[in-house]
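S.K.: next input, structure requested:
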Amino acid sequence: MSTTTPLPTAAPVDQTPAPTAVPRKGRGSGQGSRAGSLVSHLILIVASFVALFPIAWLVFLSLGPDKDDYLHPERIFGKMTLDNYAFVLTETNFSDWLVSTLIVSLGTTVIGVLVAATTGYAVSRMRFPGYRKFMWLLLVTQMFPVAVLMVPMYEILSELRLIDNYLGLVLVYCSTAVPYCAWLLKGYFDTIPFEIDEAGRVDGLTPFGTFARLILPLAKPGLAVAAFYSFITAVGEVAFATVFLLSDTKYTFAVGLQSFVSEHDAQRQYMAATAVLVAIPVSAFFYLVQKNLVTGLTAGGTKG
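M.R.: Numbers count the residues shown, from 1 in each chain. Coordinates of the predicted model:
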């Protein structure tokens, strides 16, 4: 008679998942983030107030009918009027100033950006003798003050018969805008991969064709900044425009504002209204180029 010994059975395995440790939030973390957000919003509100207050103050003063309202601004609330704008638009040469400003500023922008772009691209891509000294020479031209440049420029423009001429003033402004814009665009062209130029040569494009068809579309942000700088330089400059423009009908906005200032008096209400009207074309130009003022369009310019 045989006996069988029962095999030991395995103990049942507990399949209940072990509890996971829940990270504990530090005390006051929610309050800290709330406080940081509040501080950030307060800083942004203060910064916005600092930026917008001069503009609001200028618009507010332009609504006061008297030239001394800036001394007692609280009196403007009871007598706000648009008569200052009507006077500037109808009784002054504002339309002539507008035409002159657009001719000079747009001419400076087109010529200045074209010369600066070709200069910056040439220095960025080509290694000709003296290219480093050439860029430093452009930088040195920015060191001379306006008072030093006034007399030689006047002599040159006088010899060329460009005094009281839009072209003469455009060339003067380009001499100021081109060196800075060339440095700006040179640095931007350096960020564009050289493979794009090589791809253009493989496709049979000339160097200028590569520059015009491949590089310039990628350089829109840099071109927009250069264009805006050139435009603002031409609109806001006073010294050169005062000396080189002699006719009242050829004054730019910056020079036209001086017509409201005499030896013993200043019509500040008209100056404020004119300044507000001057800001309109500048704001419109900024709106046209602001979408291209963001860098990063070169991302994805090359494969791989």
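S.K.: contacts, neighbours, all on C-alpha from now
M.R.: Will do.
S.K.: list the contacts of Gly168.
M.R.: Leu157, Leu162, Phe244 (C-alpha atoms under 8 Å, 6 or more residues apart in numbering).
S.K.: quick check: mean pLDDT of the helix ranked longest in the chain?
M.R.: Counting by DSSP state H, the longest helix found in the chain is helix 29-62. The average pLDDT within helix 29-62 is 86.
S.K.: least confident secondary structure element in this structure?
M.R.: helix 131-140 (a mean of 81; mean pLDDT, DSSP states H and E).
S.K.: which residues does the following helix or strand past that helix contact?
M.R.: Following helix 131-140 in sequence order, the next helix or strand is helix 146-159 (DSSP states H and E). The contact list for helix 146-159, computed with C-alpha under 8 Å, 6+ apart, reads Ile163, Gly168, Val172, Ala239, Phe240, Phe244.
S.K.: mind redoing it with 6 Å?
M.R.: Applying C-alpha atoms under 6 Å, 6 or more residues apart in numbering, the contact partners of helix 146-159 are Ile163.
S.K.: likewise for stretch 127-142?
M.R.: Identification of contacts with stretch 127-142 by C-alpha under 6 Å, 6+ apart yields Pro179.
S.K.: what strand or helix carries the residue nearest to Lys250 when sequence neighbours are not counted?
M.R.: Nearest residue to Lys250 in three dimensions, chain neighbours excluded: Ser100, at 5.6 Å (C-alpha to C-alpha, 6 or more residues apart in numbering). If you go by DSSP H and E, Ser100 is part of helix 94-125.
S.K.: just to revisit the earlier point, for the residue nearest to Lys250, give its distance to Ala227.
M.R.: 18 Å (C-alpha to C-alpha, to the nearest Å).
S.K.: who's more crowded, the two?
M.R.: Taking other C-alpha atoms under 10 Å, Ser100 and Ala227 do not tie; Ala227 has more neighbours (26 against 19).
S.K.: now the angle from the helix or strand containing that one to helix 94-125?
M.R.: Secondary structure from DSSP H and E places Ala227 in helix 220-236. If you take axes from the mean of the first three to the mean of the last three C-alpha atoms, to 10 degrees, helix 220-236 sits at 140 degrees to helix 94-125.
S.K.: re earlier: and the longest helix of the chain, which residues are buried?
M.R.: Judged by neighbour count (16 or more other C-alpha atoms under 10 Å), helix 29-62 contains these buried residues: Leu58, Val59, Phe60, Leu61, Ser62.
S.K.: residue contacts, the first one?
M.R.: For Leu58, the contact set (C-alpha under 6 Å, 6+ apart) comprises Ala272.
S.K.: then the third one?
M.R.: With contacts defined as C-alpha under 6 Å, 6+ apart, Phe60 has no neighbours.
S.K.: so how far is Ala273 from it?
M.R.: In terms of C-alpha to C-alpha, Phe60 sits 9 Å off from Ala273.
S.K.: likewise the first one?
M.R.: Distance of Leu58 to Ala273, given as C-alpha to C-alpha: 8 Å.
S.K.: per-residue confidence for Ala21?
M.R.: 53.
S.K.: one more: the one 4 residues further on?
M.R.: In the prediction, the pLDDT value recorded for Lys25 is 53.
S.K.: just give the nearest non-adjacent residue to Ile103, would you?
M.R.: Closest to Ile103 by C-alpha to C-alpha, 6+ apart is Tyr166, at 7.4 Å.
S.K.: no wait, Thr242
M.R.: Going by C-alpha to C-alpha, 6+ apart, Thr242 has Val255 as its nearest residue, at 6.0 Å.
S.K.: before we move on, which element is the one you found in?
M.R.: Going by DSSP H and E, Val255 is part of helix 253-256.
S.K.: what packs against that helix?
M.R.: Contact partners of helix 253-256 among helices and strands, from 3 or more C-alpha pairs under 6 Å, 6 or more residues apart in numbering; DSSP states H and E: none.
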